[in-house]
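Trainee: next input, structure requested:
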Amino acid sequence: MSSLWTWYPSIVWAVEKGEEPEIGDMEEACEEINGAMEGWGTDENTMTEVLGSKTAEERYIISKQYTEIYEEALYEAIDDETGGDYGRAMKLLALDPVQCEAKMVHNALKGWGAKEEHLIPLLVARSNYDLTLLRRAYYEMYEEDMVIALSENLGGEFEKLIVMCAQGVEDNYDPDEVHTEDKVMEDADAYWDAGQGSWGTDESEFFKILVNSPSEHLKAINAAYVDKYGYSMTKAAEKETGGDTEDALLFLIGIKLEDKTASTLAKGIKSTTKGIGTDETGLMNYIIRLSVFPELFREVMSTHEEMYEKTVEDRIDGETGGDFHDILMKLVERCKEE
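Mentor: Residues are numbered from 1 along each chain as shown. Okay, the predicted model is just below:
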């Protein structure tokens, strides 16, 4: 998958162009959700069934139509009625897809220390177009520039890389005028000089080549790099970095360079359950975002099972419980049924 692929459904881009959505009326779904929150106690089962069974496009309409009908944002209504991991999942589903990701970024930055691992799939190897919408939504929701927020809450090499990614600076591929054979060799040499060919790593140049280069150009650089220096760009990234920075670079390389989107995302899901304790937020973010694109999600689920001899459903069963478990499973089941 090219990094120019969007993580947002077609309805987002249709509205962006000023077009009227062609999804049917969601008034009945809005009434069911509202009814589940009226009276004494909240009917979590109904809320799970209604929101969990809808496509991303239908949830988009619900998020807008609910406000028109009840003069209250669905996010705020759910916030008053639910809590815990389940409440956080349902509130994300109550937002449109761009707002949902802006909320995920904000959640990763607030509290006691930034959650770097949550930012990687949200900001690395994203299209410039997606990032433009995401930065705008973040500002509208929090009255703060997302790039500045990242700079203020992160540090070191990871900050440099994530800020560069979040700015949306990938070149448009132009093999005739820009991404020529000479440019390929120039960038291969620069990648060597910034990493293995020097004492210490020039992170700015190292990251710039990986982030700015479109997928087609990056693959050509890698071929030239292997031929001239005997290492892949992946191996160089592993040698020159570590920790969250290495994880982010390998995520980027997996998608932009190696065309291993399904396995890269399957590894991400697996990473939320490694070690002691489950990263419920990380797992939730992956499931909710992947539910936007059922075809991709099915490929990720199949790849996950091949890699780990364990289904995504088994992982959810073993790591979560209660209503939180039920909403994640509902999202998975809906995608498998399409």
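Trainee: so what touches stretch 10-25?
Mentor: Residues outside stretch 10-25 that contact it (Cβ atoms under 8 Å, 6 or more residues apart in numbering): T6, A56, E57, E58, Y60, I61, Q65, D96, P97, V98, L133. Just so you know, the C-beta spots here come from the backbone N, C-alpha and C atoms, and that holds for glycine as well.
Trainee: okay, those residues in JSON lines with secondary structure and pLDDT next?
Mentor: Formatted as JSON lines, the contacts of stretch 10-25 follow (DSSP: H, G, I helix; E, B strand; the rest coil; pLDDT from 0 to 100):
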{"residue": "T6", "secondary structure": "coil", "pLDDT": "93"}
{"residue": "A56", "secondary structure": "helix", "pLDDT": "94"}
{"residue": "E57", "secondary structure": "helix", "pLDDT": "93"}
{"residue": "E58", "secondary structure": "helix", "pLDDT": "94"}
{"residue": "Y60", "secondary structure": "helix", "pLDDT": "94"}
{"residue": "I61", "secondary structure": "helix", "pLDDT": "94"}
{"residue": "Q65", "secondary structure": "helix", "pLDDT": "93"}
{"residue": "D96", "secondary structure": "coil", "pLDDT": "95"}
{"residue": "P97", "secondary structure": "helix", "pLDDT": "96"}
{"residue": "V98", "secondary structure": "helix", "pLDDT": "97"}
{"residue": "L133", "secondary structure": "helix", "pLDDT": "98"}
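Trainee: burial of E246, as a residue count?
Mentor: By the criterion of other Cβ atoms under 10 Å, E246 has 16 neighbours.
Trainee: hmm, back to that, what is the nearest of the contacts of stretch 10-25 to L331?
Mentor: A56 (10.3 Å; Cβ to Cβ).
Trainee: quick one: the closest one and R289 touch, right?
Mentor: No: counting by Cβ atoms under 8 Å, A56 does not reach R289; the two are 9.6 Å apart.
Trainee: name the element the closest residue to E319 other than its chain neighbours belongs to?
Mentor: Counting by Cβ to Cβ, 6 or more residues apart in numbering, T278 is the residue found nearest to E319 once chain neighbours are left out, at 4.3 Å. T278 is part of no helix or strand when elements are defined by DSSP states H and E.
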